[in-house]
Every structure is written in structure tokens, then in C-alpha cells.
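>>> Fold the following and give me the result.
(one chain, ligands or ions: 1)
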Amino acid sequence: MKTLLFDIDGTLIITNDTGTRAIEAVLSENFGVATPNLDIKFGGRTDNSLIKEVLHLNAIIPSEANYSGFIEAYRKKLPASLNELGGAVLPGVLELLRRLGERDDLRCAVMTGNLKETATQKLRHFGLLDHFDLIFGGDFDEDRRHLARRTALFLRGAHGHQVGDGTIVIGDTPADIACGLDINATVLGVCTGNFDRQTLTQAGAHLVHSDLSDVEAIYRWLTS
Ligand SMILES: [Mg+2]
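Residues are numbered from 1 along each chain as shown. From the prediction side, this is the model:
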């Protein structure tokens with residue numbers, strides 16, 4: 001059975017810096033940081049790697065207790081941040097997922113740098129959670145390629161799935177594309193995040209769309 005692995009932020013939804021705002025709140029309210037420093041690149045990274053860098057930049061000892069405390073506070077703050085800042089499901093997403101969900105020869109899953117729990121919160125907030133059978137989050141891997149390898153191993157172990165048999169990664173950053181290529185998946189790039197067509201093509205995407213609104217063409221490509 002073919003598996004489609006969707007990224008979340010910039011691919012399915014935009015969240016108006018929800019995560020950034022929640023992280024700022026954790027730093028100031030839970031760790032007493034007067035002026036939170038978030039001068040880091042967010043796009044395409046795993047939360048595992050982001051949180052470690054955030055702790056470092058804000059002079060918080062990267063102990064297991066601080067790391068888990070940060071995650072616990074972050075997941076508690078995210079729902080309020082989502083409610084406050086809004087965001088939106090990107091064009092074509094609902095229709096595409098609905099049509100893909102009618103097929104019994106493929107599985108829609110999420111492979112994201114978000115922690116599994118915050119990925120679940122975001123998908124639930126935007127009414128997308130029921131479209132996905134599995135969520136692979138960035139809880140354990142600093143490098144997104146390692147997340148992809150773990151995902152591929154899981155699919156093989158749990159479902160007898162051979163990644164070369166038709167896994168497709170859909171994402172908005174060069175990191176999504178690199179991790180898809182790393183596991184020999186086919187990769188669809190979408191320009192609804194911060195990267196343009198040229199960048200995603202150069203990163204090695206097999207196909208790039210400006211967004212997912214051309215549902216018919218994208219559906220045919222994903223299911224062919
Ligand atoms: Mg993304």
C-alpha cells in the first residue's frame with residue numbers, strides 16, 4: 001500500500017507564528033527569561049532541534065528536566081496560541097484529503113518536524129486530524145532525514161511496506177525534500193511556505209506546485 005507523508009506547517013496549514021508565540025510565552029512565563037531570544041531559522045526543522053537551540057540561545061541548561069519541562073509547557077500553551085492567532089487551512093487541502101480518503105490503496109500520514117502531540121493539536125484545531133492514519137513527529141530526531149528513516153523503518157516493520165514501492169513526501173521546505181529523497185520517496189513541493197518554485201526544484205522535488213489547489217491534477221499525480 002502506498003503511503004503519502006504530508007508535512008503540516010506551510011503545506012497543509014499556515015498558523016501565523018503560533019509556535020513562535022507559544023515558545024516565547026514558555027521562555028518568559030516558565031523559565032523567567034526577560035527578553036526571549038528566538039533568532040533562529042524555524043522552517044523545515046524538527047522541534048527536537050529547535051527546542052535544544054532555543055534553550056542554548058536563552059542560556060537555559062539543556063538538561064533532561066529542562067527539555068521535558070519545556071515540551072510540557074509548550075504543549076499546554078499551544079492550544080491557546082492557536083485560538084488567539086488563527087491561521088488557515090491552505091487552498092485545496094480539504095478537497096484533496098477528502099478524495100484521497102476515499103481510496104483503499106493508499107494511506108495518508110503526517111511526517112512533520114512538530115512534536116507528535118503538538119502536530120495532533122494543530123490538526124485537530126483545523127479539523128484535519130481524521131484524515132490521517134499515522135503521525136510521525138520530530139520528537140526524537142535533530143535531523144529531519146533521521147525522522148524520515150525512522151518513519152520508513154516503522155512503515156516497513158508495521159505494514160510490510162517497502163519505501164521504494166511508492167512513498168510520496170509532500171512538503172514546503174528543502175528539508176522536506178531532502179528527507180524524502182533520503183528514503184527514496186517521490187517528493188511533491190508546494191510553495192505555500194517560505195520557499196519558491198526554483199528553490200524547491202533545485203532541492204530535488206520531482207514536482208512543484210504553487211499550492212494544492214489544482215486538486216484534480218495533484219490527485220492524479222499522487223495516485224498514479
Ligand atoms: Mg513545513
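
>>> Closest to the centroid, which residue in this protein?
The centre of the chain sits closest to Thr112, judged by Cα atoms, centre = their mean, with a distance of 2.7 Å.

>>> wait, doesn't that one sit right on Ala119?
Yes. Checked against Cβ atoms under 8 Å, the pair Thr112 and Ala119 is within contact range at 4.9 Å. For the C-beta atoms, the positions are set from N, CA and C on the backbone; glycine is no exception.

>>> Pull up the overlap in contacts between the two.
Counting by Cβ atoms under 8 Å, 6 or more residues apart in numbering, the common neighbours of Thr112 and Ala119 are Ile8, Ile135, Gly137.

>>> Tell me how many other residues surround Thr199.
16 (other Cβ atoms under 10 Å).

>>> burial count for the residue nearest to it when sequence neighbours are not counted?
Nearest residue to Thr199 in three dimensions, chain neighbours excluded: Pro174, at 6.4 Å (Cβ to Cβ, 6 or more residues apart in numbering). Pro174 has 19 neighbours, counted by other Cβ under 10 Å.

>>> In the protein, what residue comes closest to the ion?
Gly10 (3.8 Å; Cβ to the ion).

>>> mind listing the strands for this protein?
Under the criterion DSSP state E, strands of the chain are mapped to 2-6, 13-14, 88-89, 106-111, 134-136, 168-171, 186-190, 207-209.

>>> by contact count, what packs against the fifth one?
Contacting strand 134-136 under the criterion 3 or more Cβ pairs under 8 Å, 6 or more residues apart in numbering; DSSP states H and E are the following elements: strand 106-111, helix 116-125, helix 144-159.

>>> can you tell me which residues contact Asn213?
Just to correct that, residue 213 is Ser rather than Asn. Contacts of Ser213 (Cβ under 8 Å, 6+ apart): Pro91, Gly92.

>>> pLDDT value on it, please?
On pLDDT, Ser213 comes in at 98.
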